[in-house]
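Student: Predicted model follows, preceded by the sequence.
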Amino acid sequence: MIRVLLVDDHPVYRDGVRLNLEGWEEVEVIGEAGDGDAAIEAAARLRPNVILMDVQMPGRSGVDATREIVARDPGVAIVVLTMFEDDELVAAAMRAGARGYLLKDAGREELRRAVAAAASGQAIFSASVAHRLTSLVGASPAPPPFPELTPRERDVLELMAQGRLNADIAQRLGLSEKTVRNQVSVIFSKLEVLGRPEAIVKAREAGMGAEGPRP
C-alpha cells in the first residue's frame, strides 16, 4: 500500500486529487496539508511514502518544505504538482530533493503512474518538463571568450577587465609582476589592441570583468 500525503493550499484542488486516487487499491491518501509548515508536521507524524507537493503556498514554500522533509526522512518520495512550468523552479525543486515534477493538468492515469513510479524510487516528470530538462542537459556550453588566449591569459584579462593593476593581478594569481607584464603584452598582441584601455573595453564587451572593482 502506497501512503500518500496531499499538500496544496486550495482545498478544492486537493479534493480533486483525492478523487483521482480514490478507488485505486494500491494507494491510501492518509492526510492533507494546506501550507509548507503543515506539510512538514504531517510528514513527520504520518510517515507517508509519497507526498504530492504544491510549490507556491502561503508561508513556507513547497520547495522549502521539500528540503526540510527530505532532510528529516530521505526515503520519502516528493512529487511537485504545480501549474508553473519554469526551468528555475524545476531546478530548485530537484535540488531540494523532489523526485518528480508534474503539472496540475496531469490526467488521472499520469498522476497514478507518477505516484507508483515515485514510490518505487524512480524520477517522474511531465512530458513537457522532461523535454525541457533534456534540452537543458544536452545544451552545449558556450565557448569561452577569446579562444586564442590560454586559460592563464584569460585569467589575467578577466582581472584586467575588473580594473585591477599588474601588482594586484600578480598577487591574486601567484605570479611575479614581470610574468604578468609579459602576459599582458601577449594579450595585447593576440587581441590586436594598442594598450590596456582598448583591451579592457574589448573584454567587457565580451562579458568579462562582471565581478570585482572597476576603475
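Tutor: It's in.

Student: Which element, helix or strand, includes the residue nearest to G97 when sequence neighbours are not counted?
Tutor: Nearest non-adjacent residue to G97, counting by CB to CB, 6 or more residues apart in numbering: V70, 3.3 Å away. Any C-beta I mention is one placed from the backbone N, CA and C, and that applies to glycine too. Element membership for V70 (DSSP states H and E) is helix 62-72.

Student: Need the contact partners of that helix.
Tutor: 7, 36-37, 39-40, 43-44, 51, 53-56, 76, 78, 80, 82, 89, 92-93, 96-98 (CB atoms under 8 Å, 6 or more residues apart in numbering).

Student: ok, now stretch 8-15?
Tutor: 6, 17, 32, 34-35, 52, 54, 57-58, 81, 104.

Student: so of those, which ones are in strands?
Tutor: 6, 32, 52, 81 (DSSP state E).

Student: The third one and V115 touch, don't they?
Tutor: Yes: because the distance of 7.5 Å satisfies CB atoms under 8 Å, L52 is recorded as touching V115.

Student: Now the common contact residues for those two.
Tutor: 4, 79.

Student: how far does stretch 12-25 sit from the chain's center?
Tutor: 30 Å (CA atoms, centre = their mean, to the nearest Å).

Student: Tell me who's in contact with I187.
Tutor: Taking CB under 8 Å, 6+ apart, one finds 149, 153, 156-157, 160, 199 in contact with I187.

Student: L21 too?
Tutor: The neighbourhood of L21, defined by CB under 8 Å, 6+ apart, consists of 4, 27, 29, 111-112, 115.

Student: make it 7 Å
Tutor: 4, 27, 29 (CB atoms under 7 Å, 6 or more residues apart in numbering).

Student: beta partners of the last one?
Tutor: On the basis of DSSP bridges, V29 is bridged to V4.

Student: residues touching it, list them.
Tutor: V29 touches 4, 6, 18, 21, counting by CB under 7 Å, 6+ apart.

Student: cool, and the second one?
Tutor: With contact set as CB under 7 Å, 6+ apart, V27 has these partners: 2, 4, 21, 115.

Student: And A39, by the same measure?
Tutor: So A39 contacts 7, 33, 53, 65, 69 (CB under 7 Å, 6+ apart).

Student: Wasn't it part of a strand?
Tutor: No: under DSSP: H, G, I helix; E, B strand; the rest coil, A39 sits outside any strand and is assigned helix.
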